[in-house]
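**Q** with the input below, show me the fold.
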Amino acid sequence: CSGMARLRSAARAERAAAVALAVVVLVVGGTLEAAAAAAPTSCTVALGLRFPGNDLTKAAAATAADCCTLCTAQPNCTLWTWNSSPNGDGGSPTCFMKYGGGRASSDPNCTSGTKSGPLPPVPAPTPPPSPAVCKPVARPPPSKRGPPPLGRLPNFVTLLVDDLGFDDLRSHDVNAGESLTPNVEGLLKEAITLDRHHTYMWCSPTRRSFITGRYPVHITGLQAPTASNLTPLQVSLLSEKLAVAGYQSHFIGKGHLGWQTTDHLLVNRGFETHVGYLGGSQNYDWGGGSPEPFVGKHDMWHNHGPGFDIVPEIYYSTEFYSNYAVERIEGRNASRPLWIHVAYQAMHGGGSRGNVPSQDAINLTTIGFRNQDYGNALRSLDNGIANVTAALKREGLWENTLVLIWADNGGDNPGGSASNYPLLGRKCLAWEGGTRVFAMATGGLIPASLHGTVNTQLMHIADWFPTLSTLAGVDPTDDWIDANGTAHPIDGVDVWPALVSGGAVPRKYLPTTPQSILYTDGTGGKMYKLITLETQAVRFHPNGTNYHDTNNNCLNATTVFDCVDAWGENGGGGRQSCYVCTPEAPCLFEVFSDPGETTNIAAANPALVQQLRAKLETFQPYAAEMALTPDNLACYNCSFNPDLQWHDYTGPGCILEPSLE
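**A** Have a look, this model is predicted:
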């Protein structure tokens with residue numbers, strides 16, 4: 001603390017000296033030119049400069065000429081700077097007499113000079129930056145199209161659930177004979193459970209990974225700010241791939257993708273319609289605001305503008321998004337294939353998950369679930385999924401449709417809500433409970449012989465970009481070329497053969513976070529996971545309640561890896577959770593036989609640890625190189641007031657100039 005105090009004291013003194021030496025305001029009694037002209041002939045005078053050097057003394061001086069005279073009378077004075085208003089506060093004009101030298105600095109409000117001889121060197125003026133000139137972002141080239149491998153164009157329905165627990169849709173935490181999610185449990189009997197399906201440990205990177213086919217470690221693990229290019233314009237979206245094959249694509253629900261410009265809007269990137277909120281979280285009703293669409297702030301978008309028209313309809317978002325999907329199914333163009341993506345707000349929470357419709361409220365006494373608020377939201381989600389799948393069957397689409405249901409990350413667990421049993425940890429952590437998620441594939445495209453089966457191959461949400469593109473007969477290739485000419489391809493792989501034909505997923509390594517990586521030799525025998533940095537985490541009982549794992553002891557806290565509270569905030573006052581895996585002492589688990597990551601085998605496998613650490617370091621982010629330049633942004637109007645432009649709704653940061661539309 002004493003060292004910091006000294007630093008702060010020195011900084012204050014430095015700032016005070018800088019202010020005292022500044023020559024800022026007006027000349028009293030005449031212009032700068034007039035003052036300089038009256039200086040003694042022995043002085044060399046320059047306007048618009050300020051001299052460095054150590055102060056010898058200072059004195060009152062009415063004019064720059066008087067300042068020069070005072071310097072002449074001082075034996076050791078070599079430089080002077082006259083300030084007409086010291087400290088910028090209207091004080092008396094002052095002459096600062098200096099000794100020493102150095103380069104002068106430009107300041108148009110200063111008058112300075114020497115007692116005699118040449119002036120110190122004067123820096124060349126810094127040229128103003130060149131004005132930005134519109135240079136549109138280089139977009140990917142058109143994709144190639146070929147015949148679809150199934151001989152027809154299938155329909156796709158993708159249902160992404162927010163913060164769903166690994167075990168939440170299997171209803172272990174209910175009384176005998178009851179079911180909290182009977183509809184999804186029924187679908188599981190007609191589905192393949194994707195038991196080793198991974199995402200990122202939190203939301204936005206997962207969503208961007210799915211729609212771009214790239215690992216979050218490449219496109220950054222940042223939670224996308226609203227006005228950002230984190231779903232880069234320089235790459236194709238899955239919707240743009242499917243548009244090549246004539247798909248009618250609809251995006252419904254949560255975005256959290258980044259919307260730096262109006263070109264980032266999904267209706268400008270392959271989707272025909274888009275309804276949902278742009279940010280990362282909000283209330284479950286009325287678009288996060290008032291039921292009156294023009295009262296207060298909202299985050300709800302509809303195609304090209306704020307969703308004024310739909311806010312009054314959103315009594316409960318799960319029901320609204322499901323019903324909107326049903327409307328798109330029923331109102332489709334029957335001559336074209338269909339993709340509907342529903343990014344549910346459920347089960348995101350932490351506090352209340354809103355007032356579910358009466359038919360979705362559970363009887364806690366009858367069902368015996370651990371959490372009323374969470375149970376209500378789960379029942380509403382189950383009913384919503386049932387309505388979507390029923391519409392597909394009613395409209396005769398089921399047999400030619402692939403339905404995917406997955407979570408965006410592991411379940412969160414404040415207040416005993418989500419359950420990730422039997423996995424360790426929760427959302428925001430690199431443990432299996434943070435990245436290994438509930439996932440299933442169903443619909444008529446799944447052969448009956450595979451109904452009710454479990455696939456244990458290593459998959460990632462980025463895989464669905466090439467998988468769905470390929471099923472649509474579209475080349476999934478989408479290389480981004482950086483400034484050095486290096487190509488950055490997609491990371492996902494086509495998993496369809498591994499799903500239905502007994503093939504192997506062509507993957508040995510999967511970086512799940514910047515500090516964790518999975519490895520499998522593809523035989524299905526063993527799967528290893530290296531974690532180079534992570535804290536303690538909760539475990540779960542079969543009934544979904546959680547407990548602190550006292551066997552997962554802390555390492556000794558150091559100045560680098562101090563304890564943090566349960567939410568990862570230093571000094572937050574919560575239960576302390578210390579690092580158990582660090583770069584110096586990483587953790588290694590064989591997660592096939594040890595899914596709960598209970599036994600660290602790193603010490604017994606140093607060569608494998610080194611192999612996986614070296615491989616993990618090869619996955620480096622490149623999205624920062626894709627930031628839009630000033631010339632890119634010169635094509636847009638970015639200077640408007642967003643609250644006025646979007647009428648207090650969340651919206652893009654920049655609007656394409658009309659001449660470029």
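
**Q** buried set for stretch 493-513?
**A** Across stretch 493-513, burial judged by 16 or more other C-beta atoms under 10 Å covers 493-500, 505, 507, 510-513. C-beta here means a position set from N, CA and C on the backbone, and glycine is covered the same way.

**Q** now stretch 536-549
**A** Residues 536-540, 544, 546, 549 are the ones in stretch 536-549 that count as buried (16+ other C-beta under 10 Å).

**Q** same question, stretch 583-598
**A** Neighbour-count burial for stretch 583-598 [16+ other C-beta under 10 Å]: 586-591, 594-597.

**Q** just to revisit the earlier point, and the furthest pair within the buried residues of stretch 493-513?
**A** Distance extremes for those: the farthest pair is 500 and 513 at 29.8 Å, using C-beta to C-beta.

**Q** so for the helix or strand containing residue 512, mean pLDDT?
**A** Counting by DSSP states H and E, the element that carries residue 512 is strand 509-513. For strand 509-513, mean pLDDT is 98.

**Q** remind me what the following helix or strand past it packs against, helices and strands.
**A** Where DSSP H and E defines the elements, the next helix or strand beyond strand 509-513 is strand 516-520. Packing partners of strand 516-520 (3 or more C-beta pairs under 8 Å, 6 or more residues apart in numbering; DSSP states H and E): strand 509-513, strand 527-531, helix 606-616.

**Q** give me the nearest residue to residue 599, chain neighbours excluded.
**A** Take residue 599 and drop its neighbours on the chain: the residue closest to it by C-beta to C-beta, 6 or more residues apart in numbering is residue 589, 6.8 Å away.

**Q** these two touch, right, the one you found and residue 528?
**A** Yes. Residue 589 is in contact with residue 528 according to C-beta atoms under 8 Å; the separation is 7.1 Å.

**Q** residue 440 falls within a strand, correct?
**A** Yes. Counting by DSSP: H, G, I helix; E, B strand; the rest coil, residue 440 is located in a strand.

**Q** who touches it in this structure?
**A** 187-188, 191-194, 404-406 (C-beta atoms under 8 Å, 6 or more residues apart in numbering).

**Q** in the stretch 251-400 of the chain, where is pLDDT below threshold?
**A** 350-351 (pLDDT under 70).

**Q** switch to 90 and redo it
**A** 281-283, 288, 349-375 (pLDDT under 90).

**Q** please enumerate the strands of it.
**A** Using DSSP state E, counting those that start in this stretch, the strands of the stretch 251-400 of the chain run over residues 273-276, 301-302, 305-306, 338-343.

**Q** for the longest one, which outside residues touch it?
**A** Contact with strand 338-343 is made by 155-160, 162, 207, 239, 242, 247-255, 276, 321-322, 325, 328-329, 332, 388, 397, 468, as judged by C-beta under 8 Å, 6+ apart.

**Q** let's see 7 Å
**A** 155-160, 207, 242, 247-254, 276, 321, 325, 328-329, 332 (C-beta atoms under 7 Å, 6 or more residues apart in numbering).

**Q** next one: stretch 306-320
**A** Contacts of stretch 306-320 (C-beta under 7 Å, 6+ apart): 275, 284-287, 291, 293-294, 298, 300-302, 344-346, 354-357, 380-381, 384, 646-647, 649, 651.

**Q** next one: that stretch to chain centre, how far?
**A** Centre-to-centre, stretch 306-320 and its host chain are 25 Å apart (C-alpha atoms, centre = their mean, to the nearest Å).

**Q** stretch 407-424 too?
**A** The answer for stretch 407-424 is 21 Å, by C-alpha atoms, centre = their mean.

**Q** pull out the buried positions in it.
**A** 407-413, 417-421, 423-424.

**Q** same check on stretch 74-88?
**A** Those would be 74, 77-86, for stretch 74-88 by 16+ other C-beta under 10 Å.

**Q** okay, which residue is most central for this structure?
**A** residue 223 (2.1 Å; C-alpha atoms, centre = their mean).

**Q** tell me the secondary structure at that residue.
**A** coil.

**Q** leaving out chain neighbours, which residue sits closest to it?
**A** Counting by C-beta to C-beta, 6+ apart, the nearest residue to residue 223 once its immediate chain neighbours are dropped is residue 204, at 4.6 Å.

**Q** so which of the helices and strands packed on strand 516-520 is nearest residue 148?
**A** Judged by C-beta to C-beta, the one of the helices and strands packed on strand 516-520 that comes nearest to residue 148 is strand 509-513, at 27.7 Å.

**Q** that concludes my questions; thank you for your assistance.
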